[in-house]
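Engineer: quick check, what structure comes out for this input:
(one chain, ligands or ions: 1)
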Amino acid sequence: SFKKVGSILVEKQIPLTLYRSSASGAKVVIVDHPGAMVNAEISFATAHQDDSGLAHTLEHLVFIGSKKYPYAKFLTSLAERSYGYINAFTSFDNTAFSIKTVGAEGFVKLLPVYLDNLLNPLLTESAYITEVHHINGEGQDAGVVYSEMKGRDFREHLKLNALTLGENSPFAKNLGGDPKVIRETCSLEKIKSYHKKFYRMENVIISVVGTVPHQKVLDVVEEFQNSNGFMKKDDFVRTYDDYTPPAITGKTVERMEIPAECDHGTVHVSWRGPDIWGEEIFPISQLLKYLTAGPEAPLYRQYINCSTPICAQVDTRSDKHKAAVIGVSFQGVNSEFLPVEKEHLFKEDLINLLKTHKFDLERMHDILKRDIEKIGLFLEGDVCDSIFSEVRLYQNYAPGISPESDELKHLASCHIEECEKALNYGEDYWKGLVEKYFNENFVVLYAIPSKELIEKEKKEEDERLKKQAEDLGEEGLRKCREDLEQAVAANKASEASPDLLKEYAAGELTDFAVIPV
Ligand SMILES: [Zn+2]
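Structural biologist: Below you'll find the predicted structure:
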């Protein structure tokens, strides 16, 4: 059922071919790249509905066994034996699973096992207990995902996203799971229905970078979907089709406290960027570089390289979701510049600086030329990460995409060409871009460090844990301990035997593609 949609060259050099299954709507991207390594990514467009971290917990749970391979960590052990490496991540827009193997043979062998883990996971209660959340015998909350998220604080980023992409948007939800919400509302049932909604063939793109026989890869996917009866259904809605990013109107200034020991704060200033598929999205990222990078950059001179430095660092932000958010983040802002009376520094003064700055075309040309060199060098090396991220953007947001249609031109970057084109733009073009995008509609977010907040949150957590242990009592704690022990034992019992692993492992290191020298 797989038909070739077409081929296109990444950066006018590297051939990329897109295939689509007319039966399932699944898509396979194969990028022919010389070398012994095969890098692949299986990506789903996933959106966060709340703060319980369903996408992230699911990302962990799929490795605990599947219908056809009901063995815990089978895939990971198998990959190791096939000289391969498995990884996964959850972002604001995707859950993606990667696999790296030496040679195509190992890849082709692992792919059906991987797909079965992703599309037919067992999602057992015992795995939920150990991987997601449980209360241990001491009355403390634990679990792999829970512990991971306890160490991370997304509040600043989420607030920024709420202000720029919408309070109720998937981008304002904790992508890994808020520990409190994981404890209180996450459940195996919720994870199962999340899986049902997003993990389907219409919502998958399998991207492969390396030297692989295309037909063999397609055959594996075909065989997998046929044997499982995974066919296209009418109820499929592309993940982000329903989401419309709100406009940023007027000036909004928000302040938030973040738990931090230092005295320095961060100030983020954000605007709505150009259409992510339009002609201006690439130049705007170059313009941001021009404004901030290096001692000659206007923002660097104004905020750092001056008699009384305002901050320690200026970073740029150019986030591409369905809409782009562009902006600058002033890091390590001295406390004397954080009060309300000094807000003009990051509002009127900033806008004024951008508008009155005398444009240095020569420096812009240097930036563009350096980038052409950098991209050229990078194309000779490890291109897969940038290809995978282009594919994900395409999967999530490219216009005109469905299980029945594709728009190949959005799938391959051509930044070198864009740099060359930008070398011809005059001062007026760049000034026009500043005028158009760094306008009066923006959001300023102050993240102000607070030692008290650290203390307060620690105290609250200690009290909560104390109360939790008291409420459980001796009997309750004993039950927690037993449940955990049983779950660990059940997971352990479901691990594959070495013999079984051997049977599945890849063949000899003989027919692997190598770069001719
Ligand atoms: Zn994780």
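Engineer: now do the domain split for this structure, please.
Structural biologist: The record's domain split for the chain, according to automatic domain parsing, is 2-238+485-504, 251-451.
Engineer: for residue 457, find the nearest of these.
Structural biologist: Residue 457 lies closest, by C-beta to C-beta, to one member of those: domain 251-451, at 5.9 Å. Any C-beta I mention is one placed from the backbone N, CA and C, and that applies to glycine too.
Engineer: end-to-end on that closest one?
Structural biologist: 29 Å (C-alpha to C-alpha, to the nearest Å).
Engineer: and the domains of the chain as CSV, adding mean pLDDT, distance to residue 464 and mean neighbour count?
Structural biologist: As requested, these are exported to CSV (pLDDT from 0 to 100; distance: least, C-beta to C-beta, whole Å; neighbours: other C-beta atoms under 10 Å):
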stretch, mean pLDDT, distance to residue 464, mean neighbour count
domain 2-238+485-504, 94, 9, 19
domain 251-451, 94, 16, 17
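Engineer: these: which one's closest to residue 244?
Structural biologist: Comparing the domains of the chain by C-beta to C-beta, domain 251-451 comes nearest, at 7.7 Å.
Engineer: rewinding a little: okay, the domains of the chain in JSON lines with distance to residue 478 next?
Structural biologist: Shown next, in JSON lines, are the domains of the chain (distance: least, C-beta to C-beta, whole Å):
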{"stretch": "domain 2-238+485-504", "distance to residue 478": "7"}
{"stretch": "domain 251-451", "distance to residue 478": "34"}
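Engineer: any idea which of the ones you listed gets closest to residue 245?
Structural biologist: Closest among the domains of the chain, using C-beta to C-beta: domain 251-451, at 3.8 Å.
Engineer: give me the distance from the closest one to the chain's centre.
Structural biologist: Relative to the mean C-alpha coordinate of its chain, domain 251-451 is positioned 18 Å out (C-alpha atoms, centre = their mean, to the nearest Å).
Engineer: same question for stretch 8-17.
Structural biologist: 24 Å.
Engineer: picking that back up, nearest to residue 461, out of the domains of the chain?
Structural biologist: Smallest distance to residue 461 across the domains of the chain (C-beta to C-beta): 9.1 Å, for domain 2-238+485-504.
Engineer: chain center to that closest one: distance?
Structural biologist: Computed by C-alpha atoms, centre = their mean, the chain-centroid distance of domain 2-238+485-504 equals 13 Å.
Engineer: measure it end to end?
Structural biologist: Domain 2-238+485-504 end-to-end distance (C-alpha to C-alpha) = 26 Å.
Engineer: name the residues that touch stretch 395-407?
Structural biologist: 5-6, 18, 20, 24-25, 27, 43, 45, 93-94, 202, 205, 232, 236, 238-240, 276-277, 320-322, 394, 410-411 (C-beta atoms under 8 Å, 6 or more residues apart in numbering).
Engineer: give me the next element, helix or strand, following the top helix by length along the chain.
Structural biologist: As assigned by DSSP state H, the longest helix anywhere in the chain is helix 451-493. Downstream of helix 451-493, the first helix or strand assigned by DSSP states H and E is helix 498-504.
Engineer: run through who's touching that following helix.
Structural biologist: 71, 74, 77-78, 81, 109, 113.
Engineer: cool, stretch 332-343 as well?
Structural biologist: With C-beta under 8 Å, 6+ apart, stretch 332-343 has contacts from 253, 263-267, 309-313, 345, 444, 446, 448.
Engineer: so where do the strands sit in the stretch 301-450 of the chain?
Structural biologist: Remark: strands assigned in the stretch 301-450 of the chain by DSSP state E, counting those that start in this stretch are 313-320, 324-333, 442-450.
Engineer: quick check: the gap between the residue nearest in space to the middle of the chain and residue 108.
Structural biologist: Nearest to the mean C-alpha position of the chain, by C-alpha atoms, centre = their mean, lies residue 91 at 3.0 Å. Distance, residue 91 to residue 108, by C-beta to C-beta, to the nearest Å: 27 Å.
Engineer: could you do residue 266 as well?
Structural biologist: Taking C-beta to C-beta, one finds residue 266 at 47 Å from residue 108.
Engineer: ok, now residue 498?
Structural biologist: 23 Å.
Engineer: now residue 418: closest residue in space that isn't a chain neighbour?
Structural biologist: Distances taken as C-beta to C-beta, 6 or more residues apart in numbering place residue 282 nearest to residue 418, at 4.4 Å, with adjacent residues excluded.
Engineer: next, that neighbour: phi, psi?
Structural biologist: Main-chain dihedrals, residue 282, degrees, to the nearest 10: phi -70, psi -50.
Engineer: next: residue 176.
Structural biologist: Residue torsions, per degrees, to the nearest 10, at residue 176 are phi -100, psi -20.
Engineer: helix or strand right after the host helix or strand of residue 189?
Structural biologist: Of the helices and strands defined by DSSP H and E, residue 189 is found in helix 188-198. Using DSSP H and E, the helix or strand that directly follows helix 188-198 along the chain is strand 204-210.
Engineer: distance of the residue nearest to residue 418 from residue 288?
Structural biologist: Taking C-beta to C-beta as the measure, residue 282 and residue 288 are separated by 11 Å.
Engineer: ditto for residue 326
Structural biologist: 6 Å.
Engineer: same thing with residue 398?
Structural biologist: 23 Å.
Engineer: next one: residue 41
Structural biologist: Counting by C-beta to C-beta - residue 41 and residue 288 are separated by 27 Å.
Engineer: repeat for residue 205
Structural biologist: 29 Å.
Engineer: repeat for residue 137
Structural biologist: With distances taken as C-beta to C-beta, residue 137 is found 52 Å from residue 288.
Engineer: cool, residue 434 as well?
Structural biologist: 11 Å.
Engineer: what does residue 312 give?
Structural biologist: Taking C-beta to C-beta, one finds residue 312 at 18 Å from residue 288.
Engineer: now do residue 315
Structural biologist: Using C-beta to C-beta, residue 315 is found at 9 Å from residue 288.
Engineer: give me the common contacts of the two.
Structural biologist: In contact with both residue 315 and residue 288: residue 328, using C-beta under 8 Å, 6+ apart.
Engineer: residue contacts, the residue lying closest to residue 316 once chain neighbours are set aside?
Structural biologist: Using C-beta to C-beta, 6+ apart and skipping the chain neighbours, the partner closest in space to residue 316 is residue 288 (3.9 Å). For residue 288, the contacting residues are 316-318, 326, 328, by C-beta under 8 Å, 6+ apart.
Engineer: got phi/psi on the closest residue to residue 360 other than its chain neighbours?
Structural biologist: Distance criterion C-beta to C-beta, 6+ apart; nearest residue to residue 360, sequence neighbours excluded, is residue 296 at 7.4 Å. With angles defined as degrees, to the nearest 10, residue 296 shows backbone torsions of phi -90, psi -10.
Engineer: one more: residue 360?
Structural biologist: Torsion angles at residue 360 (phi, psi; degrees, to the nearest 10) stand at phi -100, psi 90.
Engineer: rebuild the strands of the stretch 301-450 of the chain as JSON lines, extending it with distance to residue 163.
Structural biologist: Formatted as JSON lines, the strands of the stretch 301-450 of the chain follow (distance: least, C-beta to C-beta, whole Å):
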{"stretch": "strand 313-320", "distance to residue 163": "13"}
{"stretch": "strand 324-333", "distance to residue 163": "9"}
{"stretch": "strand 442-450", "distance to residue 163": "4"}
